[in-house]
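Student: prediction below, plus the sequence it came from.
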Amino acid sequence: MHWVDTLIIALFMIGVFTAGSFLGRSVKNMKDYFSASNNLPWWSVMVSIVAAETSVLTFLSIPGVAFLGDFSFLQVCLGYIIGRILVALIFIPMYAKGNYISVYEAVREKGGVTMQRIMSITFMATRLLADGVRLFAVAIPLSMITGLPYFHSLLILGFVTVAYTLMGGIRGVVWMDFAQWIIYMSAAIVALVIGLKMIPDLGTSVDILQSLGKLQLIHLKGSGYTLWGGIIGGAMLSLASHGTDQLIVQRILSCKNTADSKKAMIGSGIVVFIQFTFFLIIGAMLYMLFSQKMGIGDPRELLAALNLTKPDELFTKFIIENLPPAVKGITVAGIFAASMTTLSGSLSSMSSSITVDIFKPIFRHIDGDDKWLRISRITTLCWGLIMVFGAMIFTNQNSPLVEVGLSIASFTYGGTLGMFVTVRFFKKCRLWQYVVPFFFSIAVMTFIILAGWTGLFKVNWTLYTLIGVASSVLMNRLLVWIKKPETASEI
């Protein structure tokens, strides 16, 4: 890699570290550390939400979706917007009324502190595994581009991200997310422009894409993404991920008021739709460029001819072979930025969960804002160390553990959303009538996902959350019907 690229990456890392440390100067207590004293502007939170859900896997893999197929993934993005509208209408008013720091405080009124802890621990375990895999996944393209060993890439990412999250809390996370989103989108725009200029006859290439159906948006039937499957699946996934996951909800709880929280939530869906459209266009550009260069039309044959095993590697190959010095450095900085936004949000959300949901109910005798702020920062540091060194478990990128990690949210999102639906819309019941449905839903999803992996039968992933919610809520209603609470003492 050219020395100019190395300098750009180094300046980016120094800038992020300095800015994050500067933002940490205003943190005075635990509430400020985890919710910025509810004083963040909605537009910065909106962009932070988008950045949090845009891991480097999105940055590199969504172009591969359009390369192999078409633009029908946008049907799922339509569902994302609908789901976020429902989150704004159903869940945000409940969270604002409770003045929560952790979203799992919302289940304590009916489910008790035990259910709060169960859901918080489930979230932390899920987030640790999923983002540990994502953290290692980003080391793969970075190592390909920079020549650094995996472990060195992980250490650089981990050190800088933990440092600014440790100092700045959610305020540092949100503002760094905002800046890093601009960086990685700018990098992607530059890469797209360069790629389009490399295509000899762009107009003819677009006509070929149209004739091959690779620009198609809507599928009413088929085995891939369909209109209703995408909308329903996307909406249910957004309801779970953006309505009940501390990673996202923590940002929403940092807004100035309920109206701003709603604007940030709904606006993020629109920005995500635009962003995914852009990355799909990059995928179409890659197809036009490589198909003309190799003289091969079939996408899978083209992959083989390029000596690639997965479409996720296409964008990385384009960056290595075609981007000039400085531009390559900016793009690598963008990849770093995309991964750091996910990691920083995970550290802050896991730290808030273990501090608020686990430690505070146990150590009630600890008093004083300074002590709890110190504990909050210590938990952030510990989670950072666990995640960085835990990512090295996935040294084999083809391991089944990688598949588990990348789809781990599918195991738990349905049960989590089902629990919040039960708490939000039904009367209080016994603790075991919450616990059993929650784990029953996880068991159902484990069976369905494992059945898909083993070839027994396959369910499209867009239905995972819907199945999980339905199994959780229906089991809860069945248990309540079997044995209804008679007195408050029985609950």
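Tutor: In hand now; what should we look at? Keep in mind it's a predicted model, so treat the numbers as computed, not measured.
Student: every contact and neighbour count from this point should use C-alpha atoms.
Tutor: OK.
Student: now for the residue nearest to L463 when sequence neighbours are not counted: which residues touch it?
Tutor: Leaving aside its chain neighbours, L463 sits nearest to G233 (5.3 Å; criterion: Cα to Cα, 6 or more residues apart in numbering). Contacts of G233 were listed using Cα atoms under 8 Å, 6 or more residues apart in numbering, and they are 76, 79, 461-466.
Student: pull stretch 235-249 out as CSV, backbone CA atoms only.
Tutor: What follows is stretch 235-249, C-alpha atoms only, in CSV (Å, rounded to 0.1, in the frame of the first residue of the first chain):
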residue,chain,number,x,y,z
ALA,A,235,-41.1,-4.7,9.2
MET,A,236,-40.9,-7.5,11.8
LEU,A,237,-37.1,-7.4,11.8
SER,A,238,-37.1,-3.6,12.3
LEU,A,239,-39.7,-3.9,15.1
ALA,A,240,-37.4,-6.2,16.9
SER,A,241,-34.0,-4.7,16.2
HIS,A,242,-35.0,-1.0,16.5
GLY,A,243,-37.8,-1.4,19.0
THR,A,244,-36.3,-3.8,21.6
ASP,A,245,-32.5,-4.0,21.0
GLN,A,246,-30.4,-1.8,23.4
LEU,A,247,-27.9,-1.2,20.6
ILE,A,248,-30.5,1.0,18.7
VAL,A,249,-32.9,2.0,21.5
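Student: for C255, give me phi and psi.
Tutor: phi -70, psi 170 (degrees, to the nearest 10).
Student: and L40, by the same measure?
Tutor: According to degrees, to the nearest 10, L40 has phi -90, psi 140.
Student: against Y95, how distant is the closest residue to it other than its chain neighbours?
Tutor: Distances taken as Cα to Cα, 6+ apart put C255 closest to L40, at 5.0 Å, once the chain neighbours are dropped. Counting by Cα to Cα, to the nearest Å, the gap from C255 to Y95 is 12 Å.
Student: which of these two has more neighbours?
Tutor: The neighbour comparison of C255 against Y95 (other Cα atoms under 10 Å) goes to C255, with 27 against 21.
Student: correct me if wrong: the more buried one contacts W43.
Tutor: No: assessed by Cα atoms under 8 Å, C255 is found out of contact with W43, at 9.5 Å.
Student: what's the first helix or strand after the top helix by length along the chain?
Tutor: Counting residues, the longest helix found in the chain (DSSP state H) is helix 150-197. For helix 150-197, the succeeding helix or strand toward the C-terminus, using DSSP states H and E, is helix 202-211.
Student: next up, the contacts around I449.
Tutor: If a contact means Cα under 8 Å, 6+ apart, then I449 has 411, 458-459 as its contacts.
Student: can you pull the pLDDT of it?
Tutor: I449 carries a pLDDT value of 84.
Student: and the contacts of G233 as a markdown table, adding secondary structure and pLDDT?
Tutor: Output for the contacts of G233, formatted as a markdown table (DSSP: H, G, I helix; E, B strand; the rest coil; pLDDT from 0 to 100):
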| residue | secondary structure | pLDDT |
| --- | --- | --- |
| V76 | helix | 89 |
| G79 | helix | 93 |
| W461 | helix | 78 |
| T462 | helix | 79 |
| L463 | helix | 85 |
| Y464 | helix | 87 |
| T465 | helix | 89 |
| L466 | helix | 91 |
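Student: most neighbours among these, which one?
Tutor: Highest neighbour count within these, by other Cα under 10 Å: T465, with 32 neighbours.
Student: quick one: the spatially most central residue of the chain from D177, how far?
Tutor: With distances taken as Cα atoms, centre = their mean, E53 lies nearest the centre of the chain, 3.1 Å away. Computed as Cα to Cα, the E53 to D177 distance reads 11 Å.
Student: over to D367?
Tutor: Taking Cα to Cα, one finds D367 at 32 Å from D177.
Student: between these two, which one's more packed in?
Tutor: Neighbour comparison, D367 and D177: the larger count goes to D177, with 27 against 10 (by other Cα under 10 Å).
Student: OK, contacts around the residue nearest to L40?
Tutor: 38-42, 45, 261.
Student: shouldn't Y100 be in contact with R108?
Tutor: No: applying Cα under 8 Å, one finds Y100 not in contact with R108, separated by 11.0 Å.
Student: overlap in contacts of those two?
Tutor: By Cα under 8 Å, 6+ apart, no residue touches both Y100 and R108.
Student: output stretch 303-313 as PDB, restricted to C-alpha atoms.
Tutor: The C-alpha trace of stretch 303-313 is given here as PDB (Å, rounded to 0.1, in the frame of the first residue of the first chain):
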ATOM      1  CA  LEU A 303     -17.000 -15.000 -10.100                       C
ATOM      2  CA  ALA A 304     -15.100 -18.300 -10.900                       C
ATOM      3  CA  ALA A 305     -13.200 -16.600 -13.700                       C
ATOM      4  CA  LEU A 306     -12.100 -13.900 -11.300                       C
ATOM      5  CA  ASN A 307     -10.900 -16.600  -8.900                       C
ATOM      6  CA  LEU A 308     -13.300 -15.500  -6.200                       C
ATOM      7  CA  THR A 309     -15.500 -17.800  -4.100                       C
ATOM      8  CA  LYS A 310     -18.000 -15.300  -2.700                       C
ATOM      9  CA  PRO A 311     -19.500 -12.100  -4.200                       C
ATOM     10  CA  ASP A 312     -18.600 -10.300  -0.900                       C
ATOM     11  CA  GLU A 313     -15.000 -10.300  -2.200                       C
END
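Student: what's in contact with it?
Tutor: The contact list for stretch 303-313 (Cα under 8 Å, 6+ apart) reads 60-65, 67-68, 141, 294, 314.
Student: mind doing that once more with 6 Å?
Tutor: 60-61, 64 (Cα atoms under 6 Å, 6 or more residues apart in numbering).
Student: now these as TSV including neighbour count, pLDDT and secondary structure?
Tutor: Listed next are the contacts of stretch 303-313 as TSV, based on neighbours: other Cα atoms under 10 Å; pLDDT from 0 to 100; DSSP: H, G, I helix; E, B strand; the rest coil:
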residue	neighbour count	pLDDT	secondary structure
L60	22	74	helix
S61	22	79	helix
G64	26	86	helix
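Student: what's the closest of those residues to L302?
Tutor: G64 (12.3 Å; Cα to Cα).
Student: fine by me, we can end here.
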